[in-house]
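A.B. asks: task: produce atomic coordinates for the following.
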Amino acid sequence: MQSLVERLDGLLYFPVTPFARGAGDRAGRVDLAAYREHLGSRLAFLDAPERPGPAAVFACCGTGEFFSLDLDEYADCVRVAAEAAAGRVPVVAGIGYGAALAAPFAAAAKEAGADGLLVMPPYLVAGGAAGLRDHYAAVAENTDLDLIIYQRDNVTFTPEVVAELAAVPNIVGFKDGKGDLDLMQRIVSAVRDRHGEGALLYLNGLPTAEMSQLAYRGVGVPGYSSAVFCFAPDIALAFYHAYRDDDSALVTALLDRFYRPLVELRHKAPGYAVSLVKTGVRLDGLDAGPVRPPLTEPAPEHVERLAELVVEGRRVLVEHGIGPAV
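C.D. replies: As a prediction, this is how the structure comes out:
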């Protein structure tokens, strides 16, 4: 049986979490029917004869607005993701907060059918090296699921601490959302020096990770998460397979004409790394509802620009002989 790490060889899908619109008791609640539809439409690409994917579903993580979900909502979303995946690809659920609060989320994820956990930063505080080591070791001790630890926001690891945590049996991966390639190279080197090759799986977790993935591959980080797969799966998969196949012409065209302008649009307002993605899902035909505060909806002119970029990205695919999406 393949390990979680072995199964994460491919494009990684981070679904949005739909919320219901309208008035009454359901307004603002998690819309599980829309969530099933979102998952099913993207997992259908597993059957694509060319450029199949994704390799995993990362439920209730940053793009899935983990911060806004209560424990019951979270458990429902992870369960629906596991049902939709049906064992074809692993489901990795996000957890966070301090170790005491992370433990019931980890237990709920396991009961709901998750195969692993992505551990997001502890709430608010920025601890030192020893404190971070102890925190992530405590989170790992409270579950037997495999963990991927996530460096972003208020968490910056030293290479020595990552090397220590790599010795914890169920810490199997490291995801970087900082973008410091010098630090990332030193982390990869320190873990390799202490434990040998393959001790951890490394992932690029920057928003719109495609923009930086060529550089990340150069320091030993082969995989990445794709928010674009949520709303333009054909573009995301075409880029991923071109990246893996060293098709530099298609990679360059998509970077120049789709991904770079998308990053520039994402920088227009705080929170667009999530709200633009959910807007893109709506543009693609599924009403995933609004984002929850403190996130806000994109301005109308930014929605229009996002639609233009998707059209341009698909124009690139046609120019390179790639047909329409599944």
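A.B. asks: quick one: the helices in the stretch 51-200 of the chain?
C.D. replies: 71-85, 99-112, 129-141, 159-165, 181-195 (DSSP state H, counting those that start in this stretch).
A.B. asks: any idea how far the second one is from the chain center?
C.D. replies: Using C-alpha atoms, centre = their mean, to the nearest Å, we find the averaged C-alpha position of helix 99-112 to lie 19 Å away from the chain's own average C-alpha position.
A.B. asks: helices and strands around it, which ones?
C.D. replies: helix 71-85, strand 91-95, strand 116-119, helix 129-141 (3 or more C-beta pairs under 8 Å, 6 or more residues apart in numbering; DSSP states H and E). From N, CA and C alone the C-beta is placed, and that goes for glycine too.
A.B. asks: in TSV, list these along with mean pLDDT.
C.D. replies: Listed next are the helices and strands packed on helix 99-112 as TSV, based on pLDDT from 0 to 100:
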stretch	mean pLDDT
helix 71-85	98
strand 91-95	98
strand 116-119	98
helix 129-141	95
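A.B. asks: which one of those lies closest to Ala56?
C.D. replies: strand 91-95 (5.9 Å; C-beta to C-beta).
A.B. asks: can I have that closest one written out in PDB, keeping just the CAs?
C.D. replies: Only the C-alpha atoms of strand 91-95 are listed here, as PDB (Å, rounded to 0.1, in the frame of the first residue of the first chain):
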ATOM      1  CA  VAL A  91      -7.800  13.600   1.500                       C
ATOM      2  CA  VAL A  92      -5.700  15.900   3.700                       C
ATOM      3  CA  ALA A  93      -7.500  18.100   6.100                       C
ATOM      4  CA  GLY A  94      -6.300  21.400   7.600                       C
ATOM      5  CA  ILE A  95      -5.900  21.900  11.300                       C
END
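A.B. asks: angle of it against helix 99-112?
C.D. replies: 160 degrees (axes from the mean of the first three to the mean of the last three C-alpha atoms, to 10 degrees).
A.B. asks: who does strand 91-95 pair up with?
C.D. replies: Sheet pairing here is set by DSSP bridges, and for strand 91-95 it gives strand 56-59 (parallel), strand 116-119 (parallel).
A.B. asks: about what we covered before: format the helices of the stretch 51-200 of the chain as JSON lines; extra columns: distance to Leu254.
C.D. replies: Below are the helices of the stretch 51-200 of the chain laid out as JSON lines (distance: least, C-beta to C-beta, whole Å):
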{"stretch": "helix 71-85", "distance to Leu254": "27"}
{"stretch": "helix 99-112", "distance to Leu254": "34"}
{"stretch": "helix 129-141", "distance to Leu254": "35"}
{"stretch": "helix 159-165", "distance to Leu254": "32"}
{"stretch": "helix 181-195", "distance to Leu254": "21"}
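A.B. asks: out of those helices, which comes closest to Ala299?
C.D. replies: Nearest of the helices of the stretch 51-200 of the chain (C-beta to C-beta): helix 71-85, 28.0 Å.
A.B. asks: list the helices and strands that closest one packs on?
C.D. replies: Looks like helix 71-85 contacts helix 32-43, strand 56-59, strand 91-95, helix 99-112 (3+ C-beta pairs under 8 Å, 6+ apart).
A.B. asks: for Gly179, find the nearest of these.
C.D. replies: Closest among the helices and strands packed on helix 71-85, once you apply C-beta to C-beta, is strand 56-59, at 19.2 Å.
A.B. asks: right, and the helices and strands packed on helix 99-112 - which one's nearest Leu286?
C.D. replies: Comparing the helices and strands packed on helix 99-112 under C-beta to C-beta, the one sitting nearest is helix 71-85, at 13.9 Å.
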